[in-house]
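Asker: what follows is a predicted protein model with its sequence.
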Amino acid sequence: MLFTITAEDSGSQARAGRLVTAHGIVDTPVFMPIGTSGAVKAVHFHELEHDIGVSLLLANTYHLFVRPGEEVIRRAGGLHAFTGWKRALLSDSGGYQVFSLADRRKVTEQGVIFHSHVDGARHLFTPEKVIDIQRILGCDIVMAFDEVVGYPVPHRQAKNAMERTHRWLDRCLIRFEQTQSLYGFQQVLFPIVQGGVYSDLRRCSAEFVAEKRCAGNAIGGLSVGEPAELMYEQTDLVCRILPRDKPRYLMGVGMPDNLLECIAMGVDMFDCVIPTRNGRNGMLFTRQGIINIRNKKWQFDYSPLDELLDNPVSRNHSRAFLRHLIMNHELLGYQVASLHNLYFYHWLMQEARAHIIAGDFSTWKERTLKEVMQRL
């Protein structure tokens with residue numbers, strides 16, 4: 001994988017870049033829609049690829065391991081062949097999902113013992129096992145197995161988890177070097193910086209990760225309940241330590257303001273369930289501000305979802321109609337809301353990139369945040 005920085009903002013650390021993968025080019029900054037089980041809920045691949053222009057999709061190791069199982073995907077020839085998705089894929093290692101199974105898992109030095117949320121079956125995820133599964137999935141970018149802690153946690157607990165994450169990373173790297181891609185194209189491994197909201201731990205972890213000289217690096221364990229100011233503080237600290245010439249991926253973030261603030265700190269890649277999950281629950285992001293489409297005020301509003309977004313979904317469906325669909329649990333409502341929000345997020349990343357290239361990202365960011373983050 002090749003990463004090239006093509007432009008840098010004069011008033012911040014923001015940069016525009018280009019990732020070249022085996023399954024196409026990814027311009028950064030980029031937001032990855034969540035295809036947890038190999039698909040984005042309520043959205044067809046054709047709409048993602050050809051209508052919106054998504055170049056990189058996230059799939060989840062834990063969920064695909066549980067269903068349909070690694071053997072189903074292996075026999076298909078990998079996740080690209082199994083799903084029909086032609087562009088780049090990134091697989092999350094499952095660390096966050098295992099973390100979320102607080103009452104179903106036990107963390108040991110060997111790995112994590114957990115019980116499936118589907119049928120209660122007992123499994124063991126080790127760093128080696130997670131790499132093996134991701135080789136079978138065949139995603140372009142694979143993630144190291146990490147231990148995530150929530151917020152708040154004591155310093156000692158965050159330190160222990162960070163140190164275990166480092167030991168697991170070394171095991172992941174050994175396994176990755178011992179194995180090869182099963183489908184004839186290159187895969188790359190990203191390590192994950194941990195450390196909670198403690199600056200000394202984040203600095204230690206970022207330095208440890210940077211020394212591994214991997215193709216890219218991720219920042220994990222944020223957006224887990226901490227105030228936004230702490231997330232920004234730790235993200236900025238880590239970005240100043242991680243190598244400039246490698247892509248930086250902030251995991252699980254987030255709202256439009258989170259994205260733009262962290263782009264200003266030098267983050268290149270993001271993923272989050274917010275645009276699709278919140279969309280299915282009636283939250284719409286528009287260039288004018290945030291709408292709760294369930295509110296009665298939209299019942300007789302026949303204006304487009306967002307007349308400033310140049311796409312047929314946002315312009316051709318009224319707020320009143322979408323409210324009707326969502327309130328009646330019509331499947332089309334989930335589809336329209338998800339598509340609209342993904343169009344918005346794609347527009348936001350395109351605009352951020354354009355203004356980085358133009359050199360006025362910082363002033364554009366401040367103006368845009370006031371507009372898109374107001375509640376309508």
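Answerer: Noted; the coordinates are in hand.
Asker: pretty sure Ser93 contacts Glu147?
Answerer: No: counting by CB atoms under 8 Å, Ser93 stays clear of Glu147, with 10.8 Å between them. (Glycine included, C-beta is placed from N, CA and C.)
Asker: which of those two has more neighbours?
Answerer: Shown here are Ser93 and Glu147; by other CB atoms under 10 Å, Ser93 has more neighbours (28 against 24).
Asker: please name the nearest non-neighbouring residue to that one.
Answerer: Nearest in space to Ser93, with sequence neighbours left out and distances taken as CB to CB, 6 or more residues apart in numbering, is Met143 at 4.1 Å.
Asker: so what's the one you found bridging to?
Answerer: On the basis of DSSP bridges, Met143 is bridged to Phe190.
Asker: wait, it touches Gln97, no?
Answerer: No: contact criterion CB under 8 Å: Met143 and Gln97 do not qualify, at 11.7 Å.
Asker: what's the single longest helix in the protein?
Answerer: Longest helix in the chain, counting residues (DSSP state H): helix 331-358.
Asker: buried set for stretch 178-192?
Answerer: For stretch 178-192, burial by neighbour count (16 or more other CB atoms under 10 Å) applies to 183, 187-192.
Asker: one more: stretch 191-208?
Answerer: Judged by neighbour count (16+ other CB under 10 Å), stretch 191-208 contains these buried residues: 191-198, 201-206, 208.
Asker: does Leu201 touch Ala158 like I think?
Answerer: Yes: in terms of CB under 8 Å, Leu201 counts as a neighbour of Ala158; the distance is 5.7 Å.
Asker: who touches both of the two?
Answerer: Counting by CB atoms under 8 Å, 6 or more residues apart in numbering, the contacts common to Leu201 and Ala158 are 194-195.
Asker: make CSV from the buried residues of stretch 178-192 and add distance to Phe344 to it.
Answerer: Shown next, in CSV, are these (distance: CB to CB, whole Å):
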residue, distance to Phe344
Tyr183, 34
Gln187, 31
Val188, 29
Leu189, 32
Phe190, 27
Pro191, 31
Ile192, 28
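Asker: measure Gln288 to Arg213 for me?
Answerer: Here the criterion is CB to CB, to the nearest Å. By it, Gln288 lies 45 Å from Arg213.
Asker: show me which of these two is the more surrounded one.
Answerer: Set Gln288 next to Arg213 and count neighbours by other CB under 10 Å: Gln288 wins out with 13 against 9.
Asker: low-confidence stretches in the chain?
Answerer: By pLDDT under 70, the chain has no low-scoring segment.
Asker: got the domain ranges for it?
Answerer: Domain segmentation of the chain under automatic domain parsing yields 2-270, 273-376.
Asker: related to what we said a few turns ago, ok, the buried residues of stretch 178-192 vs Met162, which is closest?
Answerer: Ile192 (10.2 Å; CB to CB).
Asker: pretty sure that closest one is touching Gly216, no?
Answerer: No: judged on CB under 8 Å, Ile192 makes no contact with Gly216 at a distance of 10.7 Å.
Asker: the strands in the stretch 101-250 of the chain, which residues?
Answerer: All strands of the stretch 101-250 of the chain, identified by DSSP state E, counting those that start in this stretch, fall at 105-107, 112-115, 122-125, 141-143, 188-190, 192-193, 217-219, 248-250.
Asker: please name the bridge partners of the residue most central in space within the chain.
Answerer: Nearest to the geometric centre of the chain sits Asp271, at 1.7 Å (CA atoms, centre = their mean). Assessed by DSSP bridges, Asp271 has beta-bridge partners Met32.
Asker: contacting residues around it?
Answerer: 31-34, 58, 90, 92, 249, 251-252.
Asker: mind doing that once more with 10 Å?
Answerer: 30-35, 56-58, 90, 92, 249-254 (CB atoms under 10 Å, 6 or more residues apart in numbering).
Asker: ok, back up a step: which SSE is immediately downstream of the longest helix of the chain?
Answerer: Proceeding N to C from helix 331-358, the next assigned helix or strand is helix 361-372, under DSSP states H and E.
Asker: distance between that following helix and the chain's centre?
Answerer: Computed by CA atoms, centre = their mean, to the nearest Å, the chain-centroid distance of helix 361-372 equals 22 Å.
Asker: how about it: buried residues?
Answerer: Residues of helix 361-372 classed as buried by neighbour count (16+ other CB under 10 Å): 361-362, 364-365, 368, 372.
Asker: tell me which two in the residues you listed are the farthest apart.
Answerer: Comparing every pair within those by CB to CB identifies Ser362 and Val372 as the most remote, at 16.1 Å.
Asker: correct me if wrong: Tyr62 contacts Gln134.
Answerer: No: between Tyr62 and Gln134 there is no contact under CB atoms under 10 Å: 11.1 Å.
Asker: more neighbours: which of these two?
Answerer: Between Tyr62 and Gln134, Gln134 has the larger neighbour count (other CB under 10 Å), namely 32 against 24.
Asker: for the more buried one, what are its contacts?
Answerer: For Gln134, the contacting residues are 59, 61, 64-65, 70, 79, 90-94, 141-145, 172, 175-176, 179, 187, 189, by CB under 10 Å, 6+ apart.
Asker: again, but for Gly195
Answerer: Neighbours of Gly195 in contact, by CB under 10 Å, 6+ apart: 149, 155, 158-159, 161-163, 165, 201-206, 208, 219-222, 234, 237-238.
Asker: ramachandran angles for it?
Answerer: Dihedral pair for Gly195: phi 130, psi 10, per degrees, to the nearest 10.
Asker: name the nearest residue to Ala22, sequence neighbours excluded.
Answerer: Leaving aside its chain neighbours, Ala22 sits nearest to Phe185 (3.7 Å; criterion: CB to CB, 6+ apart).
Asker: and the helices in the stretch 151-300 of the chain?
Answerer: 155-178, 199-210, 228-239, 256-263, 279-280 (DSSP state H, counting those that start in this stretch).
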